[in-house]
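Participant: predicted model and sequence follow; I will ask about them next.
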Amino acid sequence: MGTGGDEREGTTRSTQGGQDLPVNDLPVDDRPWGGRMEQAEAFDAIGDRYDEAFPHKEGQVAAAEWLAGAVPPGSRVLDLGCGTGLPTARQLVDAGLQVVGVDLSGGMLARAAAHVPEAQFLQADIADLPAGEPLLPGSFSGVAAFFSLLMLRRSEIPDTLRAVHGLLEPGGLLALSMVEADVDDVPIPFLGNTIRVSGYLRDELRQVVTDAGFEVIEEDAYAYAPATSDVPPELQVFLRCRRG
Ligand SMILES: C[S@@+](CC[C@H](N)C(=O)[O-])C[C@H]1O[C@@H](n2cnc3c(N)ncnc32)[C@H](O)[C@@H]1O
């Protein structure tokens, strides 16, 4: 997924002082929609190149397999930041589960709907999930959050995890992956665009997840070399968690 570098690109906006700055250099409160529009536009533009750059997802497939095998047959699972729906939403539907996918990017959701027509998709910010159908409290047996929480600012991640906790039934499961990196809301060049990412070293990640009310059952890490020189090699951490 990539968390290195600090190349600045993108559109500019005028600050109150009349200075033109790249959107990604603005203080977070001055960024239009808190910077969310830029994240969505970047993923709209990235489109299929995301799957091309990250073709081998052994860790993710194994984590989704665990989730699919551990929740009750036919139960509801949420794919948070579902991207193109591949491989995860597809894999969960093929395992007989009812899948709801959420993503900010309309372009990603259009691909997901084409790849996984059996699933239900919703355009929303995972840091501000809309209350009510299909996201009713306690209505999911499992949640997959693969490389999506890292798209948030660190200050948003604990509340987002608590919201996920609230969506899960008691004993519900969370499969989570992040890139290991000690960064908060840094702009990085990513497949010809700029996205902002956050991360933790793994002890801190485990703590943040535990503090949100989850028990970490198991942890894996994979060294991952994307199939493009645009994104540097990374260390991916997968946590298998249970709602406490
Ligand atoms: C790195 S991709 C991961 C996609 C997929 N989970 C996977 O691992 O194949 C991150 C996804 O999160 C989405 N995203 C970024 N910020 C988001 C936000 N605030 N709310 C919802 N989705 C977001 C992006 O559009 C993108 O599809």
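Facilitator: That came in fine, so what should we check first?

Participant: list, one by one, the residues from the protein near the ligand.
Facilitator: Residues of the chain lying near the ligand by Cβ under 6 Å from any ligand atom: 1, 36, 39, 43, 60, 81-83, 102-105, 108, 125-127, 146-148, 151-152. From N, CA and C alone the C-beta is placed, and that goes for glycine too.

Participant: quick check, Leu67 in a helix?
Facilitator: Yes. Counting by DSSP: H, G, I helix; E, B strand; the rest coil, Leu67 is part of a helix.

Participant: that one contacts Val77, correct?
Facilitator: Yes. Counting by Cβ atoms under 8 Å, Leu67 touches Val77, with 6.7 Å between them.

Participant: shared neighbours, those two?
Facilitator: Common neighbours of Leu67 and Val77, using Cβ atoms under 8 Å, 6 or more residues apart in numbering, are Leu92, Gly142, Ala144.

Participant: just these: which are in helices?
Facilitator: Judged by DSSP state H, the shared contacts of Leu67 and Val77 include Leu92 as members of helices.

Participant: skipping adjacent residues, who's closest to the residue of the chain at minimum distance from the ligand in space?
Facilitator: Per Cβ to the nearest ligand atom, Gly83 is where the chain lies closest to the ligand, at 2.8 Å. Leaving aside its chain neighbours, Gly83 sits nearest to Met108 (5.1 Å; criterion: Cβ to Cβ, 6 or more residues apart in numbering).

Participant: likewise Leu161?
Facilitator: Ala212 (3.5 Å).

Participant: contacting residues for that neighbour?
Facilitator: Contacts of Ala212 (Cβ under 8 Å, 6+ apart): Pro158, Leu161, Arg162, Val164, His165.

Participant: also Arg36?
Facilitator: Each residue near Arg36 by Cβ under 8 Å, 6+ apart is listed here: Leu104, Asp125.

Participant: pLDDT of the helix or strand where it lies, averaged?
Facilitator: Arg36 belongs to helix 36-46 when assigned by DSSP states H and E. Regarding helix 36-46, the rounded mean pLDDT is 89.

Participant: quick one: buried residues of it?
Facilitator: Arg36, Glu38, Gln39, Ala40, Glu41, Ala42, Phe43, Asp44, Ile46 (16 or more other Cβ atoms under 10 Å).

Participant: give me the number of residues near Gly213?
Facilitator: Close neighbours of Gly213, defined as other Cβ atoms under 10 Å, add up to 16.

Participant: right, and it touches Leu174 too?
Facilitator: No. If you go by Cβ under 8 Å, Gly213 and Leu174 don't touch, sitting 10.2 Å apart.

Participant: common neighbours of the two, please.
Facilitator: Arg243.

Participant: can you pull out the low-pLDDT segments for the protein?
Facilitator: By pLDDT under 70, the weakly predicted segments of the chain are 1-34.

Participant: again, only this time at 50
Facilitator: 2, 4-16 (pLDDT under 50).

Participant: spatially central residue in it, please.
Facilitator: Note on the chain: the residue nearest the mean C-alpha position is Ser148, at 0.9 Å, using Cα atoms, centre = their mean.

Participant: mind listing the strands for this protein?
Facilitator: For the chain, the strands defined by DSSP state E cover 12-14, 20-22, 76-80, 98-103, 120-123, 140-146, 168-179, 186-190, 193-197, 214-224, 234-243.
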